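A.B. asks: below is the sequence, then the predicted model.
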Amino acid sequence: SKERTYKVITENLNKKGDVLGVARIAGIMAAKRCSDIIPLCHPIPITKITLNVGTISPQNVMPIRNLLGSYMMKHGVAAVEARVHTRGQTGVEMEALTAVSGACLTIYDMCKAVDKDMVISGARVLYKEGGRSGTYVYKDFAKQPAGNRFINMDQDVSSRESEGGE
């Protein structure tokens, strides 16, 4: 992607509006509609969705490369992290992945006029508990110090957390 895209996102210069804010709402909406989007995915009672949408500057990208994949990130990245909770007996990884995908697609849609070379990559389940298969922890996620397990967004730019539920 291009350096200009990172600037448009971090400095809120997009003509369509607040890229990260709109992506956050889109991600929450996508998680709630997961069973409508994915065939044979049954609806579950989501009790909480936490969506962390922010940017990571070029100098801070290296520590997260193992989690995101090895795609070119020299201009910084927009990163999305979803945490989904339910009272049900099933896992919520599909809802979390759908939330991340919806948010990323929204970022692409809002920035495509600036940059058509953007790449959406690295969507994966880092941690999951519940459901038939029990607890799952991604190997590189497990190696992170406990206080640093989730993606740390830059403090000086728009790192926002939003919650939605039932």
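C.D. replies: Thanks, I have the structure now. Numbering: from 1, shown residues only.
A.B. asks: can you list phi and psi of Lys48 for me?
C.D. replies: phi -160, psi 140 (degrees, to the nearest 10).
A.B. asks: quick check: beta-bridge partners of it?
C.D. replies: Counting by DSSP bridges, Lys48 is bridged to His85.
A.B. asks: that one and Val84 touch, don't they?
C.D. replies: Yes: between Lys48 and Val84 there is a contact at 7.3 Å, judged by C-beta atoms under 8 Å. Quick note: C-beta positions are derived from backbone N, CA and C, even for glycine.
A.B. asks: these two: who's more crowded?
C.D. replies: Val84 (27 against 14; other C-beta atoms under 10 Å).
A.B. asks: my guess is that one meets Ala96, correct?
C.D. replies: Yes: Val84 lies in contact with Ala96 (C-beta under 8 Å); the separation is 4.6 Å.
A.B. asks: can you pull the residues that touch both of the two?
C.D. replies: Ala31 (C-beta atoms under 8 Å, 6 or more residues apart in numbering).
A.B. asks: longest single helix anywhere in this protein?
C.D. replies: helix 93-111 (DSSP state H).
A.B. asks: let's see it as CSV, backbone CA atoms only.
C.D. replies: Taking Å, rounded to 0.1, in the frame of the first residue of the first chain, the C-alpha atoms of helix 93-111 are listed here in CSV:
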residue,chain,number,x,y,z
GLU,A,93,-14.6,-17.6,16.2
MET,A,94,-16.8,-17.3,13.1
GLU,A,95,-18.4,-14.1,14.5
ALA,A,96,-15.0,-12.7,15.4
LEU,A,97,-13.5,-13.4,12.0
THR,A,98,-16.6,-12.0,10.3
ALA,A,99,-16.2,-8.8,12.4
VAL,A,100,-12.6,-8.4,11.4
SER,A,101,-13.4,-9.1,7.7
GLY,A,102,-16.3,-6.6,7.7
ALA,A,103,-14.1,-3.9,9.3
CYS,A,104,-11.2,-4.6,6.9
LEU,A,105,-13.5,-4.5,3.8
THR,A,106,-14.9,-1.2,5.0
ILE,A,107,-11.3,0.2,5.4
TYR,A,108,-10.6,-0.9,1.8
ASP,A,109,-13.8,0.5,0.5
MET,A,110,-13.3,3.9,2.1
CYS,A,111,-9.6,4.1,1.0
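A.B. asks: what's the closest non-adjacent residue to the most centrally placed residue in the chain?
C.D. replies: Closest to where the C-alpha atoms of the chain average out (C-alpha atoms, centre = their mean) is Val80, at 2.1 Å. Of all residues not flanking Val80 in the chain, Ala103 sits nearest, at 4.4 Å (C-beta to C-beta, 6 or more residues apart in numbering).
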